[in-house]
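**Q** no FASTA, just this:
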Ligand SMILES: Nc1ncnc2c1ncn2[C@@H]1O[C@H](COP(=O)(O)OP(=O)(O)OP(=O)(O)O)[C@@H](O)[C@H]1O
C-alpha cells in the first residue's frame, strides 16, 4: 500500500499561550478532503500548521511517508505543498502579472502563467492592475493562480469561497473538482460554507475545538441532518 499523501497524528498547535489544536488526526490519501467547522474552531491554524507557518506545533505530520513537522514554509513548498491563504494576501503595489511572475518557479511544468490566464480570463484582462484595484473574486483568482504556479502535489485552500458571488463560487468549485479528478492534485479544502464543501470534496471531516470529531463521505454527510445540527449548529433547511 502506498503511503497516504498527508498524515497527521496527534497534532497540537499553540498560538501565544493558547492551545488551538488539541491532537488532530487526519489522513488524506488522494483526491479532496474538506474540513468544516464553525468560526474559530482552528481550521486556519490547521492549514497554517501544515504549511510550517505556526512555530509551536507538536505531533506527527507526514507527507508521502516523510516526517516533516516543524519544517519552515519554504521547505514545505519545496516538498510540493502550496496554500491559498484565507484573506487572499495580495500585495497592494504589485500588478497581477508581477504577482504571477514572482510565483512562477518553472516554465516547464503543468501550470504556467499562460494557463492561469486561460483558466481565469478576467486576470488576463486585469494583468496591469494592482492588488488594491481588484475585486474580492479577482483577488481570490490571483491567490489560486499563484498557488497553482507552484505546481503542488498538495494544495491547501483556506476558505476559498468566503465573500465571493455565487457565480464565482460555482466556477471555483468546478476548478477544484477538475484539479483533483482530472489532474491528480490532492486538495485539502477548509470551508465554513458546508454546501461548497460537500459539493466539491469526496470526504468531509468536522472540526470542533481543535479536534476532528467526525468524518464521512461527502455524499452521505450532505444528507445527514442530524450531523449538521450536532456538529455545525445548522437546522433542517441546511
Ligand atoms: N495569535 C493568536 N493568539 C491567540 N489566539 C489566537 C491567535 N490567532 C487566532 N487565535 C484564536 O485561535 C482560534 C482558532 O482560530 P482559527 O483562525 O484557526 O479558526 P478558524 O476555524 O479558521 O476560524 P475562522 O473561520 O473564523 O477563521 C480562534 O479562537 C482565534 O481567536
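**A** Received, thanks. Note that the coordinates shown come from a computational prediction; the quantities given were computed from them, not determined experimentally.
**Q** Please identify the helix or strand for the residue nearest to the spatial centre of the chain.
**A** What sits nearest the mean C-alpha location of the chain, by Cα atoms, centre = their mean, is residue 157, with 1.5 Å. Counting by DSSP states H and E, the element that carries residue 157 is strand 154-158.
**Q** again with residue 9
**A** Using DSSP H and E, residue 9 falls in strand 6-15.
**Q** Please name every helix or strand in contact with that strand.
**A** strand 18-28, helix 43-50, strand 57-63 (3 or more Cβ pairs under 8 Å, 6 or more residues apart in numbering; DSSP states H and E). Quick note: C-beta positions are derived from backbone N, CA and C, even for glycine.
**Q** Would you mind listing the buried residues in that strand?
**A** 6, 7, 8, 11, 12, 13 (16 or more other Cβ atoms under 10 Å).
**Q** can you redo these as CSV with pLDDT?
**A** Converted to CSV, the buried residues of strand 6-15 look like this (pLDDT from 0 to 100):
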residue, pLDDT
6, 97
7, 97
8, 97
11, 97
12, 97
13, 97
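**Q** Make CSV out of the residues you listed and add distance to residue 63.
**A** Formatted as CSV, the buried residues of strand 6-15 follow (distance: Cβ to Cβ, whole Å):
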residue, distance to residue 63
6, 6
7, 8
8, 10
11, 13
12, 19
13, 17
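**Q** And those residues, which is closest to the ligand?
**A** Using Cβ to the nearest ligand atom, residue 13 comes nearest to the ligand of the buried residues of strand 6-15, at 8.6 Å.
**Q** Name the next helix or strand downstream of the longest helix belonging to the chain, please.
**A** What stands out as the longest helix in the chain, according to DSSP state H, is helix 166-181. Sequence order places strand 186-191 as the next helix or strand after helix 166-181, per DSSP H and E.
**Q** Show me what whichever helix or strand comes after that next one packs onto, helices and strands only.
**A** For strand 186-191, the succeeding helix or strand toward the C-terminus, using DSSP H and E, is helix 194-200. Here helix 194-200 touches strand 32-36, helix 166-181, strand 186-191, strand 203-208, helix 218-222, going by 3+ Cβ pairs under 8 Å, 6+ apart.
**Q** near the ligand at all, helix 194-200?
**A** No - residues of helix 194-200 contacting the ligand under Cβ under 6 Å from any ligand atom: none, with a closest distance of 12.4 Å.
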